[in-house]
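**Student:** Quick one: sequence and predicted model below, then my questions.
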Amino acid sequence: MSKTTLTTSSGAPVADDNNSISVGERGPLTFDNHYLFEKLAHFNRERIPERVVHARGTGAYGQFTLTRSLSDYSIADFLQKVGEKTEVFLRFSTVGGGQDSSDYARDPRGFAVKFYTRQGNYDIVGNNTPVFFLNDPIKFPDFIHSQKKNPRTNLPDPAAAFEFWANHPQSLHQMTILMSDRGIPASYRHMHGFGSHTLSLWNAKGERYWVKWHFKTNQGIKTLTDEEASTLPPFGAQKDLVDAIDRGDFPSWAVKIQIMPDTDAEKYHLNPFDLTKVWPYKDYPLIEIGQLELNRNVQNYFAETEQAAFAPSNLVPGTGASPDKMLQARLLAYQDAHRYRVGVNVNQIPVNAPRCPVHHYQRDGFMAGCPMSNGSQIQTSGANYYPNDRAEQGDPAPNPAYREPPLHLSKGAVTTYDQSDVDYYSQAGDLFRVMNADQKRQLANNIAGGLSQANASIQERMLAYLNKADPEYAAMVKAALTA
Ligand code: HEM
């Protein structure tokens, strides 16, 4: 007999887990089957809604080691002392598919990092690409709808994806990356990560710097062709990561940033807050600031990876957002999604709980006051309003030392801004021109594979955009379409 006694969820020993209580050997069950009811009722509630995007993913814990102090740029506690280690949780994901879809879709990969700093959690919720398909969040639901399954057939719909891109030239740069030979990473370990947005850092003097984060894989880039990907098991990337960490082969990334002084932003030849653009390295070189290593698998996939909640609004003193319109919307969208998907007390779940004391006047709601397995405590006693006369005796009060410097806005009226005449072509063309002949061929064939399923009008519009990026790019796709 096992030394550990099976219990109910309220801790009482269970005598029989194989047989329900019934009236006689062949009779119906009775109402005193409360243990059976507990099991069935809990089972009915085992699922929460999957993420509306990035549903399929894999997470692991690790650490970020700072190798270059950023004290000149930021007061952020975890960016001061060389050698300082900060615990992290990183979740990789695909974007469009549901939880049971393949790890090997031609799709961007999510790269979401939670830094558990002493001053709260700092989340960089990025992708494996430095840009995105959009620069205005109002298009996000339309874009995602076009990439997901057809609402009638429940099947992938490449024609819809290309229809969206044919109407939105702002997608051209990211579409070129997605359709390139880098469009299907061979594993989560063999790809880069990017914060993608322009974020910010600010220092003790109140100076702000615009920053782009890059996580460069130390494992090297490895990618798959569509043919190779189609032969692999759907959960191969999950297995690859879990197995590597279990055998002690810890994956790591060199953490680098590009820094732009606030004063450059107005005069830079690109809008530095346009998420469809990169900052060329020749303008703002990469500066290595640390190493990120993953070294611990989760104990329970649901509790940790599924309930993990990353939010671009999780910022700590010395860091900040930017006027990037996409980022602005994300500051709202993620916390809203978490309240729906996980619940109002999402930050009390151990994977999300800060590793520092939490003091605030928010109270109650579903699952309030869960004990923190990591030792951090949330204060739930004492005054539940602010200001209160007890603040000086220890009840929490705001500290003006952490006030973020003001954001200097460029002048403009409050209205919608038509961005249709922005140059969405040059950087897509630049990317095409650095590809070798084989990479160009793969790109053209990958585009033609999906575009051939769209109608002639969509094909024409796409070819016109490609022509603006580079006439050779358009010609190659046209040839592949007619091959
Ligand atoms: C307006 C634009 C966007 C909106 C409204 C949006 C919205 C969302 C929502 C609602 C989720 C699910 C969150 C959850 O349930 O926990 C999500 C997940 C995610 N998004 Fe976005 N998103 C946007 C743009 C982006 C961009 C530009 C990136 C990358 C640069 C990105 C990266 C991610 C990642 C990595 C996840 C998964 C996080 C995880 O692993 O839990 N999103 N997004």
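**Tutor:** Alright, I've got the coordinates. These numbers were taken from a predicted model, which means no experiment stands behind them.

**Student:** Now the closest residue to the ligand within the stretch 1-150 of the chain: phi and psi?
**Tutor:** Ranked by C-beta to the nearest ligand atom, the top residue of the stretch 1-150 of the chain for proximity to the ligand is Gly110, at 2.8 Å. Backbone N, C-alpha and C define where each C-beta goes, glycine included. With angles defined as degrees, to the nearest 10, Gly110 sits at phi -70, psi 150.

**Student:** what does the model give it for pLDDT?
**Tutor:** pLDDT for Gly110: 98.

**Student:** Thr94 is in contact with that one, correct?
**Tutor:** Yes - using C-beta atoms under 8 Å, Gly110 is in contact with Thr94, at 7.4 Å.

**Student:** Now do the shared contacts for these two.
**Tutor:** Jointly contacting Gly110 and Thr94 under the rule C-beta atoms under 8 Å, 6 or more residues apart in numbering are 54, 57.

**Student:** Close to the ligand: what parts of the stretch 101-250 of the chain are there?
**Tutor:** By C-beta under 6 Å from any ligand atom, the residues of the stretch 101-250 of the chain that approach the ligand are 110, 112, 125-127, 132, 137, 140, 196.

**Student:** Among these, find me the one that's closest to Trp213.
**Tutor:** Gly126 (7.0 Å; C-beta to C-beta).

**Student:** For the stretch 301-450 of the chain, just list every one of the strands.
**Tutor:** Using DSSP state E, counting those that start in this stretch, the strands of the stretch 301-450 of the chain run over residues 319-320.

**Student:** Helices of that one, start to end?
**Tutor:** 301, 325-341, 426-434, 437-451 (DSSP state H, counting those that start in this stretch).

**Student:** TSV for those, including mean neighbour count, distance to Thr58 and mean pLDDT?
**Tutor:** As requested, those are arranged in TSV below (neighbours: other C-beta atoms under 10 Å; distance: least, C-beta to C-beta, whole Å; pLDDT from 0 to 100):
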stretch	mean neighbour count	distance to Thr58	mean pLDDT
helix 301	15	9	98
helix 325-341	17	18	98
helix 426-434	17	28	98
helix 437-451	19	25	98
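
**Student:** In a markdown table, list these along with distance to Asp16.
**Tutor:** Formatted as a markdown table, the helices of the stretch 301-450 of the chain follow (distance: least, C-beta to C-beta, whole Å):
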| stretch | distance to Asp16 |
| --- | --- |
| helix 301 | 30 |
| helix 325-341 | 37 |
| helix 426-434 | 65 |
| helix 437-451 | 57 |
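
**Student:** Nearest approach to Ala469 belongs to which of those?
**Tutor:** helix 426-434 (3.9 Å).

**Student:** hmm, which two among the residues of the stretch 101-250 of the chain next to the ligand are most spread apart?
**Tutor:** Within these, Ala112 and Pro137 form the most distant pair, 18.0 Å apart (C-beta to C-beta).

**Student:** what about the two, which has more around it?
**Tutor:** Comparing Ala112 with Pro137 by other C-beta atoms under 10 Å, the one with more neighbours is Ala112, at 24 against 18.

**Student:** State the pLDDT value of the closest residue to the more buried one other than its chain neighbours.
**Tutor:** Spatial nearest neighbour of Ala112, excluding adjacent residues (C-beta to C-beta, 6 or more residues apart in numbering): Phe310 at 4.2 Å. Per-residue pLDDT puts Phe310 at 98.

**Student:** Just give me the neighbour total for Phe310.
**Tutor:** 23.

**Student:** now swap in Pro285 and tell me
**Tutor:** Around Pro285 there are 11 other residues, counting by other C-beta under 10 Å.

**Student:** Not counting residues beside it along the chain, what's closest to it?
**Tutor:** Spatial nearest neighbour of Pro285, excluding adjacent residues (C-beta to C-beta, 6+ apart): Gln258 at 7.2 Å.

**Student:** Direction included, what does the helix or strand hosting the one you found pair against?
**Tutor:** Assigned by DSSP states H and E, Gln258 belongs to strand 252-261. Partners of strand 252-261 in the sheet, by DSSP bridges, are strand 208-217 (antiparallel), strand 287-297 (antiparallel).

**Student:** Work out the gap between the last one and the centre of the chain.
**Tutor:** Going back to what we said before, that points to strand 287-297. Offset of strand 287-297 from its chain centre (C-alpha atoms, centre = their mean, to the nearest Å): 17 Å.

**Student:** Could you do the first one as well?
**Tutor:** On the basis of C-alpha atoms, centre = their mean, the separation between the geometric centre of strand 208-217 and that of its chain is 15 Å.

**Student:** got the residues of the stretch 101-250 of the chain next to the ligand as CSV, with secondary structure columns?
**Tutor:** As requested, those are exported to CSV (DSSP: H, G, I helix; E, B strand; the rest coil):
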residue, secondary structure
Gly110, strand
Ala112, strand
Val125, strand
Gly126, strand
Asn127, strand
Phe132, coil
Pro137, helix
Phe140, helix
Ser196, coil
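
**Student:** Could you list which residues are in contact with Asp262?
**Tutor:** Going by C-beta under 8 Å, 6+ apart, Asp262 touches 207-210, 408.

**Student:** Okay, it and Leu327: tell me how far apart.
**Tutor:** Distance, Asp262 to Leu327, by C-beta to C-beta, to the nearest Å: 16 Å.

**Student:** just Lys222 next, same as before
**Tutor:** Using C-beta to C-beta, Lys222 is found at 30 Å from Leu327.

**Student:** now swap in Leu79 and tell me
**Tutor:** Taking C-beta to C-beta, one finds Leu79 at 20 Å from Leu327.

**Student:** With Pro13 instead?
**Tutor:** Taking C-beta to C-beta, one finds Pro13 at 53 Å from Leu327.

**Student:** Look up how far the ligand lies from the residue nearest to Ala112.
**Tutor:** Distance, Phe310 to the ligand, by C-beta to the nearest ligand atom, to the nearest Å: 5 Å.
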